[in-house]
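Asker: task: produce atomic coordinates for the following.
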Amino acid sequence: QVQLVESGGGLVQAGGSLRLSCAASRRTFTAYTMGWFRQAPGKEREFVAAINWSGGGTYYADSVKGRFTISVDNAKNTVYLQMNSLKPEDTAVYYCAAGPPSRQGQQVVPSHYPYWGQGTQVTVSS
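Answerer: Next up is the predicted model:
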């Protein structure tokens with residue numbers, strides 16, 4: 001079993017920045033791919049970004065490309081999501097997820113990830 005704990009959410013004005021953190025209790029083969037997803041009220045959960053513990057396999061949703069950066073700190077078993085130039089449409093609950101090694105395309109699908117954090121709220125005001 002792998003526990004994931006997110007932190008770093010909050011309220012920020014449009015154009016501002018936030019950094020989300022996801023601390024994993026351990027790294028295993030079944031928790032090699034790390035992803036960030038988000039869910040706004042009344043909408044389905046959507047993919048944001050993914051990376052693996054080797055620092056490779058980075059992949060971003062088109063809506064955040066160039067504004068968000070995903071990274072890992074192996075010494076701390078922590079994945080980060082640096083969010084810059086935030087927009088009101090980025091408002092959502094952000095979830096960290098962990099899953100096995102992924103082939104191209106698998107990392108964007110929520111069902112690929114067996115482990116999920118509790119989520120952290122990000123609110124961007126206009």
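
Asker: going by C-alpha atoms from here, please, whenever you check contacts or count neighbours.
Answerer: Fine.

Asker: my guess is Val64 contacts Val48, does it?
Answerer: Yes - at 7.0 Å, Val64 and Val48 qualify as touching, with contact defined as C-alpha atoms under 8 Å.

Asker: who has more neighbours, those two?
Answerer: Neighbours per residue (other C-alpha atoms under 10 Å) separate Val64 from Val48, with Val48 holding more: 23 against 17.

Asker: packing partners of the strand or helix carrying that one?
Answerer: Assignment of secondary structure by DSSP states H and E places Val48 within strand 46-52. Packing contacts for strand 46-52, counted by 3 or more C-alpha pairs under 8 Å, 6 or more residues apart in numbering; DSSP states H and E, involve strand 33-39, strand 59-60, strand 68-73.

Asker: what's downstream of the last one, the next helix or strand?
Answerer: Counting by DSSP H and E, the element after strand 68-73 in chain order, helix or strand, is strand 78-83.

Asker: list of residues touching that next one?
Answerer: 17-24, 34, 36, 67-73 (C-alpha atoms under 8 Å, 6 or more residues apart in numbering).

Asker: give me the sheet partners of the strand holding Val48 and which way each runs.
Answerer: Here strand 46-52 has these sheet partners by DSSP bridges: strand 33-39 (antiparallel), strand 59-60 (antiparallel).

Asker: and the last one, average pLDDT?
Answerer: Per-residue pLDDT over strand 59-60 has a mean of 96.

Asker: contacting residues for the most centrally placed residue in the chain?
Answerer: The residue lying closest to the centre of the chain (C-alpha atoms, centre = their mean) is Trp36, at 1.9 Å. By C-alpha under 8 Å, 6+ apart, the contact set of Trp36 is 47-50, 81, 94-97.

Asker: nearest residue to it other than its sequence neighbours?
Answerer: Cys96 (4.7 Å; C-alpha to C-alpha, 6 or more residues apart in numbering).

Asker: with Gln107 instead?
Answerer: Closest to Gln107 by C-alpha to C-alpha, 6+ apart is Ala50, at 6.6 Å.

Asker: surely that neighbour and Gly56 touch.
Answerer: No - assessed by C-alpha under 8 Å, Ala50 is found out of contact with Gly56, at 9.2 Å.
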